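Visitor: sharing a model prediction with you, sequence too.
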Amino acid sequence: MGESILDAVPHERNFSFAKHTTYGCGGYAETACFPRTEEEACKVLAALDKSGKRYYILGAGSNVLAADGLYRGVVVCTSRVKYIKAGSAPYTVRAGCGVKVAELLAYCKKRGLTGAEFLAGIPATLGGLAFMNGGAGGRFMSDCVSSVRIFDGKIRELANKECNFTYKHSTMRDIKCMILSVLLTLECSTPAVVAKKISERLKARSALPRGKSCGCVFENYCGIGAGRIIENAGLKGVRAGKAYVSREHADFIINGGDRSADVFSLIKLVKSEVYKKFGITLKEEVCYIGDLDDSDG
Ligand SMILES: Cc1cc2nc3c(=O)[nH]c(=O)nc-3n(C[C@H](O)[C@H](O)[C@H](O)COP(=O)(O)OP(=O)(O)OC[C@H]3O[C@@H](n4cnc5c(N)ncnc54)[C@H](O)[C@@H]3O)c2cc1C
């Protein structure tokens, strides 16, 4: 990568995945850079693509597990692409990919904009959520996204339909791209109503397991909750090293230590036990950084 670009954007050597992911484990990346604008992000990605250097786009790190070793590449952190502004159409909001759910909801609450409260409590960025089509309580990002601005060599605005959103999936997962920002369509309400809906959602989520995790590790299987399948396989509480399957919600694997290798061993164990018992192959929702099989980058 051209040194000039890395020099121009804030950057960090020996970037710790343990410090920047909700799993709180994983090794180091050689370099991380923190573009501050969409334009800067595009320049960084264009330079990385041109150089052929390996890179990984990281949002809030709430759905990733990084290998314990060295990641020989660049982490492109979206955390500083953080702006929220009114869109041109009424009740639309344009938000940078690094905006976190709590920040969006604070904005919506202040302006009495409703429609995104179902996201309350998810510790993610909007870029990460659009990528994964995340959601909760039966609603997904696709319900409030009008369009997504991406960079895949050039800047493109993909309308909702072009994103092909399905359960935990979007077109953006199939192509090599960075989500730069999202345009949300919301509705007019009052700050009090929005605040009430947010606190109801937070209350509904209060029973979720505590501890270092990525939320649900596996996707639901044919509409059946992966947690229920794992529980029925008798795997609640099962451990690998210091990682364990939560007793409150079996689709959560909690990292009680500091080794990604433990979490990864347990993911493999759960998959193989569920397959042995039910012939079901669970699919990971969690995204891997580096080669977990080597427990190295
Ligand atoms: C306690 C807890 C509770 C959770 N609850 C929920 C829930 O209720 N519902 C839900 O859907 N998820 C939930 N999650 C999982 C997680 O928050 C979501 O999967 C979310 O979409 C990840 O967003 P992120 O910004 O953290 O992305 P990251 O974890 O940083 O990245 C996830 C993937 O998205 C890619 N990515 C991130 N940003 C971009 C971008 N701008 N452009 C291109 N690719 C990008 C990354 O490369 C990676 O492949 C939970 C996680 C935790 C820890």
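Guide: Cool, got the structure.
Visitor: partner residues bridging the nearest residue to residue 211 once chain neighbours are set aside?
Guide: Leaving aside its sequence neighbours, residue 211 sits nearest to residue 254 (C-beta to C-beta, 6 or more residues apart in numbering; 4.0 Å). C-beta coordinates here come from the backbone N, C-alpha and C atoms, glycine included. Beta-bridge partners for residue 254, by DSSP bridges, are residue 244.
Visitor: I'd assumed residue 18 was in contact with residue 68.
Guide: No: contact between residue 68 and residue 18 fails when scored by C-beta atoms under 8 Å: they sit 9.3 Å apart.
Visitor: for these two, indicate the residue with more neighbours.
Guide: A side-by-side neighbour count of residue 68 and residue 18, using other C-beta atoms under 10 Å, places residue 68 first with 23 against 18.
Visitor: so how far is residue 76 from the more buried one?
Guide: 21 Å (C-beta to C-beta, to the nearest Å).
Visitor: got it, and residue 191?
Guide: In this structure, residue 191 and residue 76 are 35 Å apart, going by C-beta to C-beta.
Visitor: residue 123 now?
Guide: 19 Å.
Visitor: tally of neighbours for residue 237?
Guide: A total of 10 residues lie near residue 237 under the criterion other C-beta under 10 Å.
Visitor: list, one by one, the residues from the protein near the ligand.
Guide: 22, 56-64, 78, 97, 122-125, 127-129, 131-132, 134-136, 178-179, 213-215, 287 (C-beta under 6 Å from any ligand atom).
Visitor: filter these down to the buried ones and hand me the ChimeraX line.
Guide: Those of the residues of the chain next to the ligand that count as buried under 16 or more other C-beta atoms under 10 Å are selected in ChimeraX with:
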select :22,56,57,58,59,60,61,62,63,64,78,97,122,124,125,127,128,129,131,132,134,135,136,178,179,213,214,215,287
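Visitor: of the residues of the chain next to the ligand, which belong to strands?
Guide: Applying DSSP state E to the residues of the chain next to the ligand, the entries found in strands are 56-58, 64, 135-136, 178-179, 287.
Visitor: switch those over to CSV; also include pLDDT.
Guide: Written out in CSV, the entries for those read as follows (pLDDT from 0 to 100):
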residue, pLDDT
56, 98
57, 98
58, 98
64, 98
135, 96
136, 95
178, 98
179, 98
287, 97
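Visitor: now, among those, which is nearest to residue 197?
Guide: Set against residue 197, the nearest of these by C-beta to C-beta is residue 136 (12.5 Å).
Visitor: that closest one contacts residue 200, correct?
Guide: No: Residue 136 is not in contact with residue 200 according to C-beta under 8 Å; the separation is 12.0 Å.
Visitor: report the buried residues of stretch 32-52.
Guide: Judged by neighbour count (16+ other C-beta under 10 Å), stretch 32-52 contains these buried residues: 32-36, 38, 40-48.
Visitor: narrow these to those in strands?
Guide: Judged by DSSP E, the subset of the buried residues of stretch 32-52 located in strands is 32-33.
Visitor: how about the helices in this protein?
Guide: Counting by DSSP state H, residue ranges of the helices within the chain are 3-8, 17-20, 38-51, 101-111, 126-132, 171-174, 191-204, 226-232, 260-278.
Visitor: which other residues reach the longest one?
Guide: Contacts of helix 260-278 with the rest of the structure, by C-beta atoms under 8 Å, 6 or more residues apart in numbering, involve 17, 23, 25-27, 65-68, 217-218, 229-230, 232-235, 238-245, 253, 255, 280-282, 284, 286, 292-293, 295.
Visitor: which among these end up buried?
Guide: 17, 23, 25-27, 65-68, 217-218, 229-230, 233, 235, 238, 240, 243-245, 253, 255, 280, 282, 284, 286, 292, 295.
Visitor: shaky segments in the chain?
Guide: Within the chain, the set of residues satisfying pLDDT under 70 comprises 1-3, 295-297.
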